[in-house]
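Undergrad: please work out how this folds:
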Amino acid sequence: MDGIQNFQMLIDGAWVDAADNGWFDSTSPIDGKVWARIPEATAADVDRAVRAADRAFAQGPWASMTPSQRGQCLRRLGDLLAEHSETLGWAETRDTGKMLKETRWQARYIGEFFHFYAGAADKIAGEVLPIDKPDLMVFTNREPLGVVAAVVPWNSQLFLSAVKIGPALAAGNTIVLKVSEHASVPMLEFGRLIAEAGFPPGVVNIVTGHAEVGRALTSHPLVARISFTGGPGAARHIIRNSAENLAEVSLELGGKSPFIVFDDADLESAVNGSVAGIFGATGQSCVAGSRLILHANVADAFLEQMIGLARGIRIGDPMADDTQMGPLCTEGQLRHIEAQIALARQEGGRVLTGGQQPAGLGGTYFEPTIIDCPHPDLTILDTELFGPVLSVLRFNTEEEAIALANAGTHGLAAGIFTRDGARQMRMARAIRAGIVWINTYRVVSPIAAFGGVKGSGYGRESGFQAMFDYTRPKTIWVNTSSEPIANPFVMR
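TA: Predicted coordinates:
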């Protein structure tokens, strides 16, 4: 047990163990060794965190702070993320196996999300209504909802937390964040920055544990809004849990995103975009471009380049600067991917490259894999793998491309590569997805909304519009007449 670190949860401004002293181990996918011990929260811990958040919302310094003062805390938090990006990146890489050069960059860039919402905090306004009744003035205020339950998965936790925490706090809410049991450490390290940024106790609380923790949180009677990112199975449980508190719910549930390449596309740019979309972050991204839809005229040339690049990807230690792809985060992902590739072979799919673990590395590493699919009915084409596996289909007409892109249950993102401007617009309108990238892929910004349709969930995160999702309008009627109410039995 040498070198194993013990971590604590953040509740009401204090670092605490679980009420019953329960723990679970965190195993690094880099070497398969236990490196951290995490509190296994109980329902009592969750209740304590939610009640602390509720008190902070209704009482104390947070409740009386102006929007500009809230913005100052958020701006300081953004600055601290940049200052501590090396520590945060190292913790995330150690816990998830993601590339260190990506995690430390992401920690720095996520600071921009908090800067964005710092600036937005005092920009939410109501309106005066041109009411149809004389002697009445009617206006609206937008007010925060209360306690927000934020539930995030292990991948890109800083980003997925920022798009929830940023607008929620800017609007005046408080937060209980349930982090993934697969990689809790990065968010606990993030929690150390909360008090330093000036947030009062109870405004941000972080709890750790497994499914029971999520159930206790999302069904808690004091929770006003639930923001969830994860899989559809857990999302259905959350919707059922919300029947207990009638909380507002938003869901981001991942995807099986189409990456469409027409025969007039810049082939080199499209190939590089596809590599980034499916092999970047070891394919462990909700917007991974895992369905490659190629025009028949360029399919062979495209795949020749793609296979060459895939075979040259350097797989290894994610802490090393020259590594291009690290391990999968969990053993479960590895087994799921292996099973789905075996099924794809049975259904007629042909593995063009990869399809197995690389020799000599062990652990949860997996080769960049490309599977040629003879028809659109293969199971793998509508199954999110969360790994470096690309399924390929061919098309001849624009109508075929649209039909293939819209097939299946997901609708988070899509990529379109074509030089034809009119076609770009037609395709962007026709594809059923919440995000469409044209001649680029896997780009995010605090200014742009993020979210899906169909089985990829509902609601939007990031962007200014998200501020409205964490507030509700209150309508205020003011009688300006000097005359008394004429008849109390007649509605005006």
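
Undergrad: all contacts plus neighbour counts: C-alpha atoms, from now on.
TA: Fine.

Undergrad: the residue most central in space within the chain: helix or strand, and which one exactly?
TA: What sits nearest the mean C-alpha location of the chain, by C-alpha atoms, centre = their mean, is residue 160, with 3.7 Å. Assigning secondary structure by DSSP states H and E places residue 160 in helix 157-170.

Undergrad: contacts for the helix or strand following that helix, please.
TA: Scanning forward in sequence from helix 157-170 by DSSP H and E, the next helix or strand is strand 174-178. Residues from elsewhere that reach strand 174-178 (C-alpha atoms under 8 Å, 6 or more residues apart in numbering): 49-50, 53-54, 56-57, 146-152, 165, 168-169, 202-209, 213-214.

Undergrad: returning to that earlier point: can I get the helix holding residue 160 as CSV, trimmed to CA atoms?
TA: Taking C-alpha atoms only, helix 157-170 is exported to CSV below (Å, rounded to 0.1, in the frame of the first residue of the first chain):
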residue,chain,number,x,y,z
GLN,A,157,-14.4,16.0,-16.0
LEU,A,158,-13.0,19.6,-15.8
PHE,A,159,-14.8,20.5,-19.0
LEU,A,160,-18.0,18.7,-18.2
SER,A,161,-18.0,20.3,-14.7
ALA,A,162,-17.2,23.8,-15.9
VAL,A,163,-20.2,23.9,-18.3
LYS,A,164,-22.4,23.0,-15.3
ILE,A,165,-20.7,24.9,-12.4
GLY,A,166,-20.0,28.0,-14.4
PRO,A,167,-23.5,29.1,-15.4
ALA,A,168,-25.1,27.7,-12.2
LEU,A,169,-22.9,29.7,-9.9
ALA,A,170,-23.0,32.8,-12.1
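
Undergrad: show the average pLDDT along it.
TA: Regarding helix 157-170, the rounded mean pLDDT is 96.

Undergrad: now for that helix, which elements pack on it?
TA: helix 67-83, helix 100-120, strand 147-151, strand 174-178, helix 185-196, helix 466-469 (3 or more C-alpha pairs under 8 Å, 6 or more residues apart in numbering; DSSP states H and E).

Undergrad: repeat that for 7 Å
TA: Secondary-structure packing of helix 157-170 (3 or more C-alpha pairs under 7 Å, 6 or more residues apart in numbering; DSSP states H and E): helix 67-83, helix 100-120.

Undergrad: residue 376 is nearest to which of those?
TA: helix 100-120 (33.5 Å; C-alpha to C-alpha).

Undergrad: what's the helix or strand following that closest one in contact with?
TA: Per DSSP H and E, helix 100-120 leads on to strand 128-129 as the next helix or strand towards the C-terminus. The set of residues external to strand 128-129 that reach it, using C-alpha atoms under 7 Å, 6 or more residues apart in numbering, is 138, 139, 140.

Undergrad: the same query, at a cut-off of 8 Å, please.
TA: Strand 128-129 is contacted by residues 137, 138, 139, 140 when judged by C-alpha under 8 Å, 6+ apart.

Undergrad: what about stretch 186-204, average pLDDT?
TA: Across stretch 186-204, the per-residue pLDDT values average to 97.

Undergrad: ok, residues contacting the helix or strand hosting residue 251?
TA: Take DSSP H and E as the rule and residue 251 turns out to sit in strand 248-252. Strand 248-252 is contacted from outside by 224-230, 235, 239, 242, 451-452, 456-460, using C-alpha under 8 Å, 6+ apart.
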